[in-house]
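Trainee: Any chance you can model this:
(one chain, ligands or ions: 3)
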Amino acid sequence: MGYQKIQVPSEGSKISFNADGSLNVPNNPIIPYIEGDGIGVDVTPPMIEVIDAAVAKAYGGEKKISWMEVYAGEKATTVYDADTWLPEETLEAFKEFCVGIKGPLTTPVGGGIRSLNVAIRQELDLYVCQRPVQWFTGVPSPVLKPHEVDMVIFRENSEDIYAGVEWKAGTPEADKIIKFLREEMGVTKIRFPENCGIGVKPVSEEGTKRLVRKALQYTVDNDRDSLTLVHKGNIMKFTEGAFKDWGYEVAKEEFGAELLDGGPWMQFKNPRTGKQIIVKDVIADAMLQQILLRPAEYSVIATLNLNGDYLSDALAAEVGGIGIAPGANISDEVAVFEATHGTAPKYAGQDKVNPGSLILSGEMMLRHMGWTEAADLVLKGMSGAIDAKTVTYDFHRLMDGATLVKASEFGKAIIKAMA
Ligand SMILES: NC(=O)C1=CN([C@@H]2O[C@H](COP(=O)(O)OP(=O)(O)OC[C@H]3O[C@@H](n4cnc5c(N)ncnc54)[C@H](OP(=O)(O)O)[C@@H]3O)[C@@H](O)[C@H]2O)C=CC1
Ligand SMILES: O=C(O)CCC(=O)C(=O)O
Ligand SMILES: [Mg+2]
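Mentor: Ligands and ions are numbered 1, 2, ... in the order given. Predicted structure coming up:
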């Protein structure tokens, strides 16, 4: 399509799909990226530099990414107009080019615009938020055995209270919903019905099953030994509880899982390796304790949107913090890779923060594209830079004898360590 402000690179071509549903990645793919608000200016350039260096080293010039800037957030309001935060053509570009990456975008608390990050996930139906949590040797950690932390969160990305279906206290809309609940639905448990905000938590069978299906398939493909459904189903029975029940149903109906010792846990054999896979569930509050005290017992996690948000940052803290926690938002057609952290406004523009989260999101992107040699080099570079104790402020403040480097210098240290 013709774009208004987006400059499509003259070199390069689109990633597309083969008839069997696999990705067809040309040697010179065009990859759209959003720089991001706040520290976006600090982490996006090193990400591009590191990914380009890994691709060049892995393929000796045979492959190369053509980066294409697309706009969202504050930058969009300057490139387009003051009211345009998420241009339609940005979404179109992600759809057309199938694979992209983004820096963080600001969301005001309380009032103002709704989350652009959530809007991108909703508009493109990126229903899986995949966030791997893995420790790099030498990274400072508050847990005793950080090497035991190796989990992959599959967070449902399109439903739940996170979808933003809510009304402000005192508005006619909130009052109307409260009146309906009390007068037509017999609800007596709204403690203070006057001046009360109301939020809705949609959780569907379809939304749950497509997420859990992806998580179980990942468990099989990556020879993981368990999948844990994390929920608060004791309290929210028909949303979080239903998520658990539908999750077990997918395991039973689509993966042949059977009850383990009378249930509710289940098990099935990995059809690829013959190894046992346990499907279990843990209540969300207990899970926040479990991941600290018994991390070795958890591998793949499937959970609803808000739980997944909380778990992502909590788990990231165990392996060095959100400065190094990557992520991906994936649908059946489009994937947009994204750091777990936000815009950290107090550090914006200082070339100070850890670009590791976005760089590792880039690593996930390369793996998604099938460019595994380049992805492996990014991991090698990251490990090497940390081994050499050349680290940004977040690691430096917790590491003895380390050399403090800027965001851009950390990128260069990664590239140096790829050699
Ligand atoms: N996907 C997205 O785009 C996301 C956007 N946001 C948005 O970002 C804004 C700010 O949110 P906030 O709650 O402050 O959360 P942030 O993730 O932006 O920052 C919280 C703290 O995490 C640490 N941190 C974050 N990024 C890095 C990094 N790259 N390197 C090292 N440390 C880092 C800093 O800790 P310390 O102070 O200890 O140095 C920082 O103060 C909000 O508008 C929020 O809505 C939030 C999350 C995700
Ligand atoms: O969209 C936002 O502002 C916050 C999103 C967030 O924290 C996340 O997805 O992890
Ligand atoms: Mg978050």
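Trainee: Check the gap between S16 and ligand 1 for me.
Mentor: 27 Å (CB to the nearest ligand atom, to the nearest Å). Quick note: C-beta positions are derived from backbone N, CA and C, even for glycine.
Trainee: likewise V99?
Mentor: Using CB to the nearest ligand atom, which is the criterion applied here, V99 is 18 Å from ligand 1.
Trainee: likewise T137?
Mentor: 19 Å.
Trainee: thought V79 was touching K5?
Mentor: Yes - contact criterion CB atoms under 8 Å: V79 and K5 qualify, at 5.3 Å.
Trainee: what do those two both touch?
Mentor: By CB atoms under 8 Å, 6 or more residues apart in numbering, V79 and K5 have these common neighbours: Y71.
Trainee: And the helix or strand harbouring A58, what's buried?
Mentor: Mapping A58 onto the secondary structure by DSSP states H and E places it in helix 40-59. Neighbour counts over helix 40-59 (16 or more other CB atoms under 10 Å) mark 40-58 as buried.
Trainee: Helices of this structure, residue ranges please.
Mentor: 40-59, 74-79, 88-97, 116-123, 172-183, 205-221, 242-255, 284-293, 305-318, 356-368, 372-387, 393-396, 407-417 (DSSP state H).
Trainee: Can you tell me which of these is packed in deepest?
Mentor: helix 356-368 (a mean of 26; mean count of other CB atoms under 10 Å).
Trainee: Give me the contact list for that one.
Mentor: With CB under 8 Å, 6+ apart, helix 356-368 has contacts from 23, 31, 43-44, 46-47, 50-51, 54-55, 99, 101, 103, 130, 132, 322-328, 330, 335, 337-341, 372, 374-375, 378-379, 382, 392, 410-411, 414.
Trainee: ok, now which ones touch the residue lying closest to T107 once chain neighbours are set aside?
Mentor: Excluding the flanking residues, the one nearest T107 by CB to CB, 6 or more residues apart in numbering is S115, at 4.2 Å. Going by CB under 8 Å, 6+ apart, S115 touches 105, 107, 164.
Trainee: of the residues you listed, buried ones?
Mentor: Looks like the contacts of S115 have 105, 107 buried, using 16+ other CB under 10 Å.
Trainee: Out of the helices of the chain, flag the one nearest ligand 2.
Mentor: Nearest of the helices of the chain to ligand 2, taken as CB to the nearest ligand atom: helix 116-123 at 3.4 Å.
Trainee: model confidence over the closest one, on average?
Mentor: When pLDDT is averaged along helix 116-123, the result is 96.
Trainee: same deal with stretch 395-412?
Mentor: Per-residue scores along stretch 395-412 average to 96.
Trainee: Show me which residues of this structure sit near ligand 2.
Mentor: When proximity is defined as CB under 6 Å from any ligand atom, the chain approaches ligand 2 at 107, 115, 117-118, 309, 312, 340, 342.
Trainee: Direction included, what does the lowest-mean-pLDDT helix or strand in the chain pair against?
Mentor: Lowest by mean pLDDT, DSSP states H and E among the helices and strands of the chain is strand 16-17, with a mean of 92. Strand pairing for strand 16-17, using DSSP bridges, gives strand 23-24 (antiparallel).
Trainee: pLDDT value on whatever residue of the stretch 151-300 of the chain ends up closest to ligand 1, please?
Mentor: Closest contact between the stretch 151-300 of the chain and ligand 1, by CB to the nearest ligand atom, is at N157 (11.1 Å). With respect to pLDDT, N157 has a value of 97.
Trainee: That one - how many residues pack around it?
Mentor: 27 (other CB atoms under 10 Å).
Trainee: give me the low-pLDDT residue ranges for this protein?
Mentor: Scanning the chain for pLDDT under 70 picks out 1.
Trainee: Count the neighbours of K232 for me.
Mentor: 21.
Trainee: Ligand 2 versus that one, what's the distance?
Mentor: From K232 to ligand 2 the distance is 18 Å (CB to the nearest ligand atom).
Trainee: picking that back up, residues contacting the spatially closest residue to the residue of the stretch 151-300 of the chain closest to ligand 1 that is not a sequence neighbour?
Mentor: Nearest non-adjacent residue to N157, counting by CB to CB, 6+ apart: C129, 4.2 Å away. By CB under 8 Å, 6+ apart, the contact list for C129 reads 121, 153-157, 305, 308, 327-330.
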